[in-house]
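K.L.:
I would like the atomic coordinates for the input below:
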Amino acid sequence: MILPWREKKKVVPDNIYHRLDPVSLAHLIMGDGTAVSGGIRICTYSFTVKDVVRFINVLIIKYRLKCTLHMSDNKPRICISSKYMDLLTSIINPYIIPSMKYILLTQSTISSQIKK
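P.N.:
This next block holds a predicted model:
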């Protein structure tokens, strides 16, 4: 998925619903995702808040992922809840390269695996 640029900012295209497939989502998470105790954080600092909200809407509607918008230093980022990690993993795991699989292991996922 190639994102257009406007005035030195990445732009989420209007047709993002149709362009954001599991491969694109996997690439986004491998490139900009970070595992945190509450799930996964996607650093979307180079997008406007309006574009990040559009992105979140697609993640919620198309993939049924619980996402929230968080601001860090007045820049937006997406957080995907740890409760939805199994669903996210089922969507993108086939496209995550082995050295990046650690991103799918949040602290809560690790804890639940240890208890088993």
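K.L.:
switch to C-alpha atoms for all contacts and neighbour counts from now on
P.N.:
Noted.
K.L.:
what helix or strand is Ser90 located in?
P.N.:
Assigned by DSSP states H and E, Ser90 belongs to helix 85-92.
K.L.:
how about Val23?
P.N.:
Val23 belongs to helix 22-32 when assigned by DSSP H and E.
K.L.:
how many residues are close by Ile56?
P.N.:
Look at Ile56: counted by other Cα atoms under 10 Å, it has 21 neighbours.
K.L.:
same thing with the one 3 residues further on?
P.N.:
Other residues within reach of Leu59 by the criterion other Cα under 10 Å amount to 19.
K.L.:
so it versus Asp73, what's the distance?
P.N.:
Separation of Leu59 from Asp73 (Cα to Cα, to the nearest Å): 23 Å.
K.L.:
what do you get for Gly38?
P.N.:
Look at Gly38 and Asp73: by Cα to Cα, they are 19 Å apart.
K.L.:
three-state assignment of Phe55?
P.N.:
Here Phe55 is recorded as helix under DSSP: H, G, I helix; E, B strand; the rest coil.
K.L.:
wait, it touches Ile16, no?
P.N.:
Yes: under the criterion of Cα atoms under 8 Å, Phe55 makes contact with Ile16 at 7.4 Å.
K.L.:
count of neighbours near Lys10?
P.N.:
With other Cα under 10 Å as criterion, Lys10 counts 17.
K.L.:
that one reaches Thr44, doesn't it?
P.N.:
No: look at Lys10 against Thr44 with Cα under 8 Å: they stay out of range, at 9.2 Å.
K.L.:
what's stretch 76-84 in contact with?
P.N.:
Stretch 76-84 is contacted by residues 37-45, 47-49, 52, 56, 65-71, 106, 108-109 when judged by Cα atoms under 8 Å, 6 or more residues apart in numbering.
K.L.:
who's more crowded, Phe55 and Ile16?
P.N.:
More crowded of Phe55 and Ile16, by other Cα under 10 Å: Phe55, with 20 against 14.
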